[in-house]
Structures are given as C-alpha cells and as structure tokens.
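Asks: Pasting a predicted model and its sequence here:
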Amino acid sequence: MVVEGLPYPTKRIKEGKAEIIIPDPDAYRRKDGVYEPAWAPVFYNPRMRFNRDLAVLFANAYRELAGLERLVVVEPLTGSGVRAIRYAVESGARVYAADIDPDAVHLARINVENNGVADRVTVERADANEYLARLKREGIRPSIVDIDPFGSPAPFIDTAIQSISVRGVLAATATDTAPLSGTHSRALRRRYDVKPARTAWEKEQAVRILVGYIIRRAASHEYGARILLAYYADYYVRIYAEIRRGASRADESLSMLGYGVYCPYCGYTGYTDTPSHQCPYCGGSLQVVGPLYRGPLCDPELVKRMRRLAEEENTTLAEHRRITRLLEQLEAECSITKPYYRLDRLCSILRMNMPKLAQLVDALRARGYKATRTHFDPRGFRTDAPHPEVVNTLIELRTRPDQV
Ligand SMILES: C[S@@+](CC[C@H](N)C(=O)[O-])C[C@H]1O[C@@H](n2cnc3c(N)ncnc32)[C@H](O)[C@@H]1O
C-alpha cells in the first residue's frame, strides 16, 4: 500500500478499535524472515498489543475508581500513535502525544486524522522531557502519563512525576530487563542506583526494583506512589503507580522499601530492612539486592474492575484469554508480598524430586497458609508460609509417594 506523503511502503492494520497505518513489516524483514520493529522508519511493535490492551482496560477501570469524568492522557513517546489513538477511541480520553522523530509525528498525525480523533489527540514533535515540562507550564493536568520508551524509562521518570499536579497515574514500560533482573549489574547500578545481586526470583526483582526507583524519585519531589498494577510479560516490566502530592505520602511510600534476599544454600527468599548478609535459616551467605519495593503488586479492586471490563470487551481484545488469565493470577497473588520461589531450583537445592506445583500449593493451603502459582514463572509459586514451613511441606510431600 502506498500512502501519499509517506516515502515507504505501508500496511493498514486493526488494533483494538483503532485502524492504523504502519510501515509494512515485510519491507523490513531480514532474509531469514526476522523482523525487528526498530528497523522500520516508524516504530510499531505488534507484540506490544497485549501491553496496550491492558493499558486501555486500566485507563477505563481507573476512571471509574477515581470517579473521573474524563481522562487526560499524556504519551510523550508515541511512535505510530497507536496507543494515543486507542486511549482516545476506547477510553474517550483527551490525549497529548509527542515523539522526537519527525517521521513518527507525521505518521501519527495521519493515523489520528484517519481515526476521526483530531479533536481529541494532538501530536507534536518534541523531546519527551521538554514536552512534559511544557505541558505542566501550560497547566495541563494529566490523569495518566504513559512512558513507553526503548529500553529504560529512567530518563523520563522525574519529569513524568513532576508533570502530575496533585494526583495522577504514572504508567511505565521497561524493556531493559537484563539490568533489572540482575544480569547486567553495572547498568543496574548506574541506571537505577540499586545494589545488584542474582536471585532465583529475577522477574519479580525486576518489577520491584523499578517500583522502588519510582517511589524514590517521587519522594524526592514530595509525592507518594501507590502501586495499582505491576506485572512482567514477554520481555518487559509494566508499572501503574498512582502519584499523589504530599510529604507524608512520600514518607509512607518510602517505608515500603527494603532489600530483597535470596539464599543460594537453602533457597530462602524474602526481604530485610538492612543489607545483612547472613541467612537467618542456614547461616549461608545471602544475595542481597536493593533498595526495592516490598508491598503488594496490585490493587484488588482495580483488577476486579479490569476483569469485568475485559469481559465486556471480549470481542475487541485479541488476546482475551491471556488477559483474563493474567488478571486472575495477579488478583490471587496480590495479597502475598514475599517473593516467589522457583520450585525446580528449591528442589534441586534440597536434593529432592519435584512434586507437582498444584500439589505443593494445595498442601501449603491445607496447612493454613496462602499459596498460589505466579504469573512471573510457570515453575514458580508464592506463599506467606515461613521458609521452614515451605521446606517441611516439601519433605512431607516427598514421604507420600503417591503425591510425587
Ligand atoms: C518504543 S517506541 C514507542 C511505542 C509506542 N508508545 C507504542 O505503544 O506503540 C519509542 C518512541 O520514542 C521515541 N523517542 C525516543 N527518544 C525520545 C525522546 N527523547 N523524546 C521523544 N520521543 C523519543 C522514538 O522515536 C520512538 O518512536
């Protein structure tokens, strides 16, 4: 397809309730068929559709929960404009979007026109930080600021927080999961000012480090940050934090920070206030990572509303089943804040055969503890049982051969 004014081949696609023109992926595929969205003149990543579906569900649920008549969304790294347009079409939001790349701005404006939302979506060419600062000076009061960059959102977090006047949501995607999960330790220290370590719960560690960073940056500007939804999917972390002005709110949020610990000798996972290095259970040397956030990863009321809205929208959501499963799982996990265990790793440390995950979860529940699988890892489970109880439950399962 050739669109007038666009010097590259294009394709028309449908995503949610929006129809978008994107650079034709087939024109930018390698000979082996591999396609990387960053190779195209304007960025559009079909794999992030799931992220955008949830963003729209979140926006609608938050509008209900906060009792807002209309949402004002700022998306300063908009690419093709797909996310901005979906906020306008599917959440009725007034959207302020920008991108530093003139090709992206040109395409996003065409997409805005084609979707008939030019009265509700403005797209400007600007650096994201300058744009956020300018909107603040102009008195725009965002209900949601959505930061969806290449890699780390860290360079945009301060201005995004400051652009929220009294109360609003900071939504952020991070695709720099290698540093966040502890693989690139120096980058983790530089970018997020976090002491690195390798835990067996690295995906949760990634989420909790980014949340902790947002809380610390918010506090320095005298805002509190409350987590409404935080999850890990595919190769990225996504956070929705409600930011509210106030020194005491900032203090309260800071009180949710601590250090994460993992004992490679007995498998213990948990938190500590100070970076102590001795395992309280086996005396071994702990892996200590932080500061990071220790609180709940979602607001159950918000997730309930998202689930209801997902049911109502089941025809427009391409991955409806996956969305429902994630939200159900997050709701189940929400009240258990201790990091997840990897069952395979724990059994390997304890030199025992692995029971079925469902049997272990049931056995922990039978002992009166909360326990569930985790969305972070299909081999993972989380529980509020103390570590010795987890180990005892595993040993008991081993001695019942029918259960193993
Ligand atoms: C990951 S893409 C955005 C994808 C989009 N949010 C979506 O949901 O499809 C990141 C975009 O940020 C833009 N960008 C990079 N640095 C920027 C900056 N400093 N200010 C504004 N835009 C920037 C890039 O041109 C690119 O279009």
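Replies: Structure received.
Asks: Backbone dihedrals for Leu210, both of them.
Replies: Here is the backbone geometry of Leu210 (degrees, to the nearest 10): phi -60, psi -40.
Asks: ok now do it, which residues does it touch?
Replies: By Cβ atoms under 8 Å, 6 or more residues apart in numbering, Leu210 lies in contact with 153, 172, 174, 180, 192, 230, 237, 239. Every residue, glycine included, has its C-beta placed from N, CA and C.
Asks: CA-only coordinates of the strand or helix carrying the last one in CSV, if you can.
Replies: So that's Ile239. Following DSSP states H and E, the helix or strand that holds Ile239 is strand 236-245. Extracted in CSV, the C-alpha atoms of strand 236-245 (Å, rounded to 0.1, in the frame of the first residue of the first chain):
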residue,chain,number,x,y,z
TYR,A,236,9.2,-6.3,29.7
VAL,A,237,8.1,-4.8,33.0
ARG,A,238,5.0,-2.7,33.3
ILE,A,239,4.1,-0.5,36.2
TYR,A,240,1.0,1.7,37.0
ALA,A,241,1.6,3.8,40.1
GLU,A,242,-0.8,6.4,41.4
ILE,A,243,1.3,9.5,42.2
ARG,A,244,-0.1,11.9,44.9
ARG,A,245,1.4,15.1,46.1
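Asks: does any part of the helix or strand harbouring Ile161 sit near the ligand?
Replies: Take DSSP H and E as the rule and Ile161 turns out to sit in helix 154-162. No: if you take Cβ under 6 Å from any ligand atom as the test, helix 154-162 misses the ligand, and the best it gets is 7.5 Å.
Asks: ok and the helix or strand following that helix relative to helix 154-162, angle-wise?
Replies: Counting by DSSP H and E, the next helix or strand C-terminal to helix 154-162 is strand 167-174. Angle of strand 167-174 versus helix 154-162, following axes from the mean of the first three to the mean of the last three Cα atoms, to 10 degrees, is 170 degrees.
Asks: The helix or strand following strand 167-174 packs against which elements?
Replies: Downstream of strand 167-174, the first helix or strand assigned by DSSP H and E is helix 177-180. Judged by 3 or more Cβ pairs under 8 Å, 6 or more residues apart in numbering; DSSP states H and E, the packing partners of helix 177-180 are helix 185-192, helix 202-220, strand 236-245.
Asks: Ranking by neighbours, what's the top pick from the contacts of Leu210?
Replies: With neighbours taken as other Cβ atoms under 10 Å, the top of the contacts of Leu210 is Leu180, carrying 29 neighbours.
Asks: Pro264 versus that one, what's the distance?
Replies: 20 Å (Cβ to Cβ, to the nearest Å).
Asks: Now do the contacts for the residue of the stretch 301-404 of the chain found nearest the ligand.
Replies: Nearest to the ligand, among the residues of the stretch 301-404 of the chain, is Ala318, at 14.9 Å (Cβ to the nearest ligand atom). Contacts of Ala318 were listed using Cβ under 8 Å, 6+ apart, and they are 15, 49, 53.
Asks: got a winner among the residues you listed for most neighbours?
Replies: Neighbour counts for the contacts of Ala318 (other Cβ under 10 Å) peak at Asp53, which has 23 neighbours.
Asks: Got the domain ranges for this structure?
Replies: 10-257+292-301, 340-404 (automatic domain parsing).
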